[in-house]
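In: next come a sequence and a model predicted from it.
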Amino acid sequence: MGEIVTVNFRGDDLYGFKQDDGTFLALKPMVEAMGLNWSGQEQRVKRDPVLSEGICVMHIPFGRGGAQDCVCIKLELVNGWLFGIDSSRIKDEEVRQKVITYQRECYQVLYEHFADSRKGISDIEGGPDELPSTNERLRLVTEARQTFSQMAAREMWFRQGLPIVPSMVNPAQNDLFHYGMVNHGSEVAA
């Protein structure tokens with residue numbers, strides 16, 4: 001097994017596995033975090049002609065009862081799986097809202113990836129001379145993470161023009177719902 005990547009997404013611990021052939025997401029923890037029926041989602045993934053090509057079973061060294069096998073799905077197929085969930089058919093209002101939250105986040109990630117609507121540090125009104133101090137900018141990032149999400153903190157980091165390292169640009173390392181980042185106009189060298 002490759003490197004284990006753990007992400008806390010809106011209070012839920014999700015697990016990914018970096019392999020030579022890509023990054024895979026442990027599907028059951030995500031299904032259970034949303035409150036969905038695992039067997040129904042497993043069947044749906046296995047009968048879908050595209051999603052079924054991107055699943056595999058990995059042996060994980062952790063779990064409720066210790067080491068176990070886990071159905072995983074390729075990272076690039078997660079959005080397709082999520083968008084295939086018909087939230088209008090979910091009777092439990094709390095579960096429906098959780099599914100919609102996950103779906104909304106995926107829509108946002110896709111939009112930001114393709115629309116390139118993010119402002120660079122030079123686009124901020126008044127220019128870089130009027131920026132808050134580095135400590136104030138870091139405090140804004142921390143507040144965004146605590147109030148909203150890791151995704152919001154990530155976006156705030158880039159908008160504030162804070163230092164960027166190559167691992168921040170690698171979607172497989174940091175965030176299972178990551179979109180490719182560039183330093184707003186100039187690509188970051190990997």
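Out: Ah, there it is.

In: buried stuff in the lengthiest helix in the chain?
Out: Longest helix in the chain by number of residues, with DSSP state H as the criterion: helix 93-115. The neighbour-count check on helix 93-115 (16 or more other Cβ atoms under 10 Å) flags Arg96, Lys98, Val99, Tyr102, Gln103, Glu105, Cys106, Val109, Glu112 as buried. Placement of C-beta: from N, CA and C, glycine included.

In: and stretch 31-50, by the same measure?
Out: Buried-residue list, stretch 31-50, by 16+ other Cβ under 10 Å: Val31, Ala33, Met34, Leu36, Gln41, Arg44, Val45, Asp48.

In: closest to Ala153 among those residues?
Out: Taking Cβ to Cβ as the measure, Ala33 is the one of the buried residues of stretch 31-50 closest to Ala153, at 19.9 Å.

In: which helix or strand contains the closest one?
Out: helix 27-34 (DSSP states H and E).

In: got a list of contacts for the helix or strand that comes right after that helix?
Out: Remark: after helix 27-34, the chain's next helix or strand is helix 38-47, criterion DSSP H and E. Under the contact criterion Cβ atoms under 8 Å, 6 or more residues apart in numbering, helix 38-47 has outside partners Leu27, Lys28, Val31, Glu32, Leu51, Ser52, Ile55, Val71, Ile73, Trp81, Gly84, Ile85.

In: quick check: the gap between the third one and Ile90.
Out: Distance from Val31 to Ile90, counting by Cβ to Cβ, to the nearest Å: 12 Å.

In: before we move on, back to that, quick one, the helix holding Ala33 and helix 93-115 angle?
Out: Put simply, helix 27-34 runs at 120 degrees to helix 93-115, going by axes from the mean of the first three to the mean of the last three Cα atoms, to 10 degrees.
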